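Visitor: coords please:
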Amino acid sequence: MYNHAPNDYVCPFCLLVKGIENEHNSVKQTDIVYQNDEVTSFIAMRKWPNNVGHVLIIPNQHFENIYDLPMEFAGKIQEVARITAIAMKTAYSCDGIMLRQHNEAAGEQLIWHYHLHVIPRYENDNLHLSQKQPFPANERAECALKLRTEIKATL
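Guide: So this is what the prediction gives:
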């Protein structure tokens, strides 16, 4: 329902879940923060200058958007969002957390696989006034390690 991916679409998030790194997928295995049989979370490839290290949470199974997402996955994604938010509070010393999710082109969805953003927020961070920038793989790996360490400590 309400799908927009082209017929020849190669989903980079599905490749990540399968452990494949190639020309269709710039996300690295070192970006993964948490993974279980149903859900994977990883550091986003772009960053806001004052909100570094935000996380995307995806179902391991391909669903394009919220219209397709079964409720059982919604609960599992929210559970991982909560775990991630708690880890961010400690690892990043952030003042708050923002969850964000986009659907369809008009809703600013860029990857045709459901994903929930978990974004660290700070007082006066000007997130909405800033532009996202590329986030090098080595820096993403550092953020992922910090969050993995915090998650392991709390589970």
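Visitor: which element is the residue lying closest to residue 24 once chain neighbours are set aside on?
Guide: Nearest non-adjacent residue to residue 24, counting by CB to CB, 6 or more residues apart in numbering: residue 10, 4.2 Å away. For the C-beta atoms, the positions are set from N, CA and C on the backbone; glycine is no exception. In the assignment (DSSP states H and E), residue 10 maps to no helix and no strand.
Visitor: pLDDT score assigned to residue 10?
Guide: We have a pLDDT of 94 for residue 10.
Visitor: and if you look at residue 22?
Guide: 88.
Visitor: Can you verify my assumption that it contacts residue 12?
Guide: No. Using CB atoms under 8 Å, residue 22 is not in contact with residue 12, being 9.4 Å away.
Visitor: out of these two, which sits in the more crowded spot?
Guide: The neighbour comparison of residue 22 against residue 12 (other CB atoms under 10 Å) goes to residue 12, with 18 against 9.
Visitor: show me the contacts for that one.
Guide: Contact analysis of residue 12 by CB atoms under 8 Å, 6 or more residues apart in numbering lists 24, 25, 26, 27, 111, 113.
Visitor: Just give the closest residue to it, not the sequence neighbours.
Guide: residue 25 is the one closest to residue 12 (CB to CB, 6+ apart), at 4.2 Å.
Visitor: How many residues are close by the one you found?
Guide: Neighbour count for residue 25, taken as other CB under 10 Å: 16.
Visitor: which residues touch it?
Guide: 12, 15, 16.
Visitor: Just give the nearest non-adjacent residue to residue 70, would you?
Guide: residue 63 (7.4 Å).
Visitor: separation between the one you found and residue 112?
Guide: Counting by CB to CB, to the nearest Å, the gap from residue 63 to residue 112 is 10 Å.
Visitor: Okay, buried residues for the longest helix anywhere in the chain please.
Guide: As assigned by DSSP state H, the longest helix anywhere in the chain is helix 71-92. Using 16 or more other CB atoms under 10 Å as the burial criterion, the residues of helix 71-92 that qualify are 73, 76, 77, 80, 81, 83, 84, 85, 87, 88, 91, 92.
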